[in-house]
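Undergrad: Build me a model:
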Amino acid sequence: MSFIRLAVVGSPDDGKSTLLGRLFVDGKMLKSDQLRDLTDTKTQKINLAFVSDGLRSEREKSITIDAAYKHLRLAGQDFLIADCPGHFEFMKNAVSAVSQSQALLLLIDAELGIRDQTLRHLSLASFFGLSKTIVCVNKMDAVNFDEVVFSRIQKQLSENEIFGVKPAIEVIPISALQGENLFQASEKMKWYQGPTLLQSLIKIKSEGVKRSPKLRVFVQTSVSAPDDTQHCLVQSNGAEICMGDSLVTESGQILPPIDKIYSIDNENLASGKGRSALRLSFKEPITLKRSTILCASDSQPRLSRDFSAKILWISDKNPSSLSEKDFIRVPGREVFLKSFHWKNSSPIGLSLDLSGRHQNSLFDAAISLAEEVAVDALDPEYFSNEVTLNSFLIFSHQDFECLAVGRILENSNDAKICPDFAKVEKTGLAAELSPQACPVQ
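TA: Okay, here's the model as predicted:
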């Protein structure tokens with residue numbers, strides 16, 4: 001079964017859970033006993049928000065706390081829906097869901113317009129390289145389906161830049177409560193000539209995902225087949241890989257040609273293109289260690305310990321707590337930090353908040369590691385959240401909390417890659433790191 005992974009986000013009370021409830025009810029996805037369970041005991045009406053708010057505490061408080069995953073089938077297409085929390089305090093849960101999604105569905109309250117959290121969510125779509133962003137201006141019924149209100153919000157969205165680039169988004173006016181412009185064109189908004197929400201969602205499949213042509217294969221383990229030949233279980237980024245190809249490791253070791261390629265279901269394949277989980281056998285016996293990176297000889301990653309990156313700080317801890325004992329995790333490796341250079345950054349044109357709140361901040365940084373790792377500089381043409389060598393996580397050595405998510409912008413062995421950054425040496429990392437990151441507000 002082929003799913004489209006869709007993250008649904010928005011500010012608190014923008015109507016995310018109500019929209020999903022409407023899609024499930026009108027899409028005939030719920031059984032009679034489920035409908036009875038979703039009926040509000042006070043009003044005896046179906047509470048659409050309860051469809052995705054599965055936790056008891058969520059229903060009692062009428063808020064979304066954790067990302068709720070649901071299977072939705074519309075017009076023959078299967079979706080894996082992640083209903084993400086909208087409150088600032090639960091942003092980390094939303095980050096986790098968006099990082100695993102293919103597309104983003106963002107809701108905006110027509111009465112309240114664009115808010116701080118709206119821009120945070122837009123920046124997440126750009127940060128993780130989602131293939132498509134759909135913006136629904138919800139609660140149009142509350143503004144009498146006024147075209148002027150919709151046009152103003154649409155214009156504001158087109159004027160905002162995320163990371164210096166105007167995001168490619170599709171804006172649709174809807175009313176989730178009344179079901180307007182979801183499955184059929186709304187008679188109350190004849191001034192709108194664009195696609196319905198359903199039409200826009202179905203287009204995600206046909207538009208597809210642009211994968212990087214650079215082959216990156218991550219060895220999970222080596223196993224012995226029944227005929228005593230050695231096979232490797234690997235995770236691929238989906239680039240072209242064929243029988244007879246001679247791969248190399250990140251350190252330059254040339255491997256024997258590939259003898260056979262199998263899918264996760266043991267299907268014998270001529271090519272592994274578009275597949276993530278594969279089993280490889282080689283024409284000569286070979287044993288590869290877990291975390292070894294394989295690639296084509298003409299597109300090897302660079303081994304580097306220095307690179308510049310875009311950082312999303314998701315912890316409530318102060319970034320000044322970073323030390324050389326903390327470490328980053330890249331595919332297959334965990335390496336200690338050596339130094340951390342950063343500067344204030346306001347990627348979406350918002351004013352800096354130096355009040356000390358750092359959670360959900362975005363800023364630019366230059367990082368030095370204690371050891372070399374294989375890295376790829378970010379290629380905007382193939383910017384995606386697939387398994388790549390241009391993403392990493394930062395962890396605390398004290399409690400192993402994930403502190404931040406990073407995307408590598410460029411790599412260099414030159415310590416002056418960002419000369420205007422305030423340099424922080426290894427010996428004074430915790431003491432000298434300025435607490436003035438720019439929260440995305």
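
Undergrad: which helices and strands sit right next to the helix or strand hosting residue 21?
TA: Assigned by DSSP states H and E, residue 21 belongs to helix 16-26. Identification of packing neighbours for helix 16-26 by 3 or more CB pairs under 8 Å, 6 or more residues apart in numbering; DSSP states H and E yields strand 3-10, strand 68-74, strand 77-83. For the C-beta atoms, the positions are set from N, CA and C on the backbone; glycine is no exception.

Undergrad: tell me the mean pLDDT for the last one?
TA: It refers to strand 77-83. For strand 77-83, mean pLDDT rounds to 88.

Undergrad: how much does it deviate in direction from helix 16-26?
TA: 150 degrees (axes from the mean of the first three to the mean of the last three CA atoms, to 10 degrees).

Undergrad: what does the helix or strand following strand 77-83 rub up against?
TA: On the C-terminal side of strand 77-83, the nearest following helix or strand under DSSP H and E is helix 91-99. Applying CB atoms under 8 Å, 6 or more residues apart in numbering, the contact partners of helix 91-99 are 7, 9, 65-67, 69, 82, 84-86, 104, 120-121, 124-125, 128, 130, 312, 314-315, 359-360, 385, 405.

Undergrad: Check which residues of helix 91-99 are buried.
TA: If you call a residue buried by 16 or more other CB atoms under 10 Å, then helix 91-99 has these buried ones: 91, 93, 94, 95, 96, 97, 98, 99.

Undergrad: what about the last one, distance to residue 86?
TA: In this case it means residue 99. Residue 99 sits 17 Å away from residue 86, going by CB to CB, to the nearest Å.

Undergrad: residues contacting the nearest residue to residue 14 once chain neighbours are set aside?
TA: Closest residue to residue 14 apart from its sequence neighbours, by CB to CB, 6 or more residues apart in numbering: residue 107 at 4.2 Å. Neighbouring residues of residue 107 by CB under 8 Å, 6+ apart: 8, 9, 10, 11, 14, 15, 16, 19, 135, 136, 138, 176.

Undergrad: For the closest residue to residue 293 other than its chain neighbours, list the residues it contacts.
TA: Leaving aside its sequence neighbours, residue 293 sits nearest to residue 250 (CB to CB, 6+ apart; 4.2 Å). For residue 250, the contact set (CB under 8 Å, 6+ apart) comprises 292, 293, 294, 295, 300, 301, 303, 374.

Undergrad: Phi and psi next, for residue 250.
TA: phi -60, psi -20 (degrees, to the nearest 10).

Undergrad: Could you measure from it over to residue 284?
TA: 20 Å.

Undergrad: And residue 218, how far from residue 315?
TA: 26 Å.

Undergrad: before we move on, the earlier item: compute the inter-axis angle for the helix or strand hosting the residue nearest to residue 14 and helix 16-26.
TA: Residue 107 is located in strand 103-109, with elements delineated by DSSP H and E. Taking the same axes, to 10 degrees, one finds strand 103-109 and helix 16-26 inclined to each other by 110 degrees.

Undergrad: Restricting to C-alpha, output the following helix or strand past strand 103-109 in PDB.
TA: With elements assigned by DSSP H and E, the helix or strand that comes after strand 103-109 is helix 116-127. Taking Å, rounded to 0.1, in the frame of the first residue of the first chain, the C-alpha atoms of helix 116-127 are listed here in PDB:
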ATOM      1  CA  ASP A 116       3.700  33.700  14.800                       C
ATOM      2  CA  GLN A 117       3.000  30.000  14.800                       C
ATOM      3  CA  THR A 118       1.900  30.100  11.200                       C
ATOM      4  CA  LEU A 119       5.400  31.300  10.100                       C
ATOM      5  CA  ARG A 120       7.000  28.700  12.400                       C
ATOM      6  CA  HIS A 121       5.100  26.000  10.600                       C
ATOM      7  CA  LEU A 122       6.000  27.400   7.100                       C
ATOM      8  CA  SER A 123       9.600  27.400   8.100                       C
ATOM      9  CA  LEU A 124       9.400  23.700   9.100                       C
ATOM     10  CA  ALA A 125       8.200  22.800   5.600                       C
ATOM     11  CA  SER A 126      11.200  24.600   4.100                       C
ATOM     12  CA  PHE A 127      13.600  23.300   6.800                       C
END
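
Undergrad: Tell me how far helix 116-127 lies from the chain's centre.
TA: Distance, stretch centre to chain centre, for helix 116-127: 11 Å (CA atoms, centre = their mean, to the nearest Å).

Undergrad: now whatever helix or strand comes next after that helix: mean pLDDT?
TA: Tracing the chain past helix 116-127, the next element assigned as helix or strand by DSSP H and E is strand 132-138. The average of the pLDDT scores along strand 132-138 is 93.

Undergrad: Likewise for stretch 242-256?
TA: Here stretch 242-256 scores 88 as its mean pLDDT.

Undergrad: Buried residues in that stretch, which are they?
TA: 243, 245, 247, 248, 249, 250, 255.

Undergrad: so where's the stretch 1-150 of the chain shaky on pLDDT?
TA: Applying pLDDT under 70 to the stretch 1-150 of the chain flags the ranges 1, 28-40, 44, 46-66.

Undergrad: hmm, 80 instead?
TA: 1-2, 25-68, 86-93, 129, 131 (pLDDT under 80).

Undergrad: So residue 368 is in contact with residue 328, correct?
TA: No: if you go by CB atoms under 8 Å, residue 368 and residue 328 don't touch, sitting 10.8 Å apart.

Undergrad: just to revisit the earlier point, save the buried residues of helix 91-99 as JSON lines, and put in distance to residue 144 too.
TA: Shown next, in JSON lines, are those (distance: CB to CB, whole Å):
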{"residue": "91", "distance to residue 144": "33"}
{"residue": "93", "distance to residue 144": "35"}
{"residue": "94", "distance to residue 144": "31"}
{"residue": "95", "distance to residue 144": "36"}
{"residue": "96", "distance to residue 144": "38"}
{"residue": "97", "distance to residue 144": "34"}
{"residue": "98", "distance to residue 144": "33"}
{"residue": "99", "distance to residue 144": "38"}
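
Undergrad: Can you list the low-confidence ranges for the stretch 201-350 of the chain?
TA: Using pLDDT under 80, the flagged stretches of the stretch 201-350 of the chain are 205-213, 224-230, 237-238, 274-275, 318-321, 331-332, 341-350.

Undergrad: if we go to 50?
TA: The stretch 201-350 of the chain contains residues with pLDDT under 50 at 345-350.
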